[in-house]
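Trainee: quick check, what structure comes out for this input:
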Amino acid sequence: MEKPLLSDASQFPSEEIIFAHLGKAKPLWTSLFEHIHAVHPDITEEWRYYNDGKSWLMKVTRKKKTVFWLSIVKGAFRTTFYFTDKAEAAIVASDLPDDLKRQFADGKTYGKIRGLTVVHASKQNTAAAKTLIERKLSIK
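Mentor: You can find the predicted model right below:
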């Protein structure tokens, strides 16, 4: 997996810095966050620098529930969702692309959860992330 950018702890990830790294993926960023703010106005975003990974990550939450984690990579951004095994049936039954379903089914488990990462390099990937946001918010 590509190493995240934004590794300078003293440089907060402003929109100018983020968009400079995203390049042609900027419209995908805009589309995702316009959707989130329109459909789920109670979702919040927070950037934090994590020493273990030596990079800035955005934590996107609704109340106390983490919806996804976001990192910036060259020319794109990644959203990573964590689900418990009970979400597997909903993910398999969803309209997600087969490669994402396989990624979840074959993914490494971390205790009782598995991660599912979407690299936002096309509109299809951003649509998949929107589906995963809905799945994440619908699971109790």
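
Trainee: doesn't Leu5 make contact with Ile17?
Mentor: No - in terms of CB atoms under 8 Å, Ile17 does not count as a neighbour of Leu5; the distance is 9.0 Å. Just so you know, the C-beta spots here come from the backbone N, C-alpha and C atoms, and that holds for glycine as well.

Trainee: between these two, tell me which one has more neighbours.
Mentor: A direct count of neighbours by other CB atoms under 10 Å for Ile17 and Leu5 places Leu5 higher, at 20 against 16.

Trainee: does the more buried one touch Leu70 like I think?
Mentor: No - Leu5 is beyond contact range of Leu70, at 12.0 Å (criterion: CB under 8 Å).

Trainee: dump the longest helix along the chain to CSV, keeping only the CA atoms.
Mentor: When the chain is parsed with DSSP state H, its longest helix is helix 123-138. C-alpha atoms of helix 123-138 as CSV (Å, rounded to 0.1, in the frame of the first residue of the first chain):
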residue,chain,number,x,y,z
LYS,A,123,-16.0,8.3,-9.4
GLN,A,124,-16.8,4.7,-9.0
ASN,A,125,-14.6,4.5,-5.9
THR,A,126,-16.2,7.6,-4.4
ALA,A,127,-19.6,6.1,-5.0
ALA,A,128,-18.4,2.9,-3.1
ALA,A,129,-17.3,5.1,-0.2
LYS,A,130,-20.7,6.7,0.0
THR,A,131,-22.3,3.2,0.1
LEU,A,132,-19.9,2.2,2.9
ILE,A,133,-20.8,5.3,4.9
GLU,A,134,-24.5,4.3,4.7
ARG,A,135,-23.6,0.8,5.8
LYS,A,136,-21.5,2.0,8.6
LEU,A,137,-24.2,4.3,9.9
SER,A,138,-26.9,1.7,9.6
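
Trainee: who are the packing partners of it?
Mentor: If you count contacts as 3 or more CB pairs under 8 Å, 6 or more residues apart in numbering; DSSP states H and E, helix 123-138 packs onto helix 26-39, strand 65-73, strand 76-84, helix 88-93, strand 113-120.
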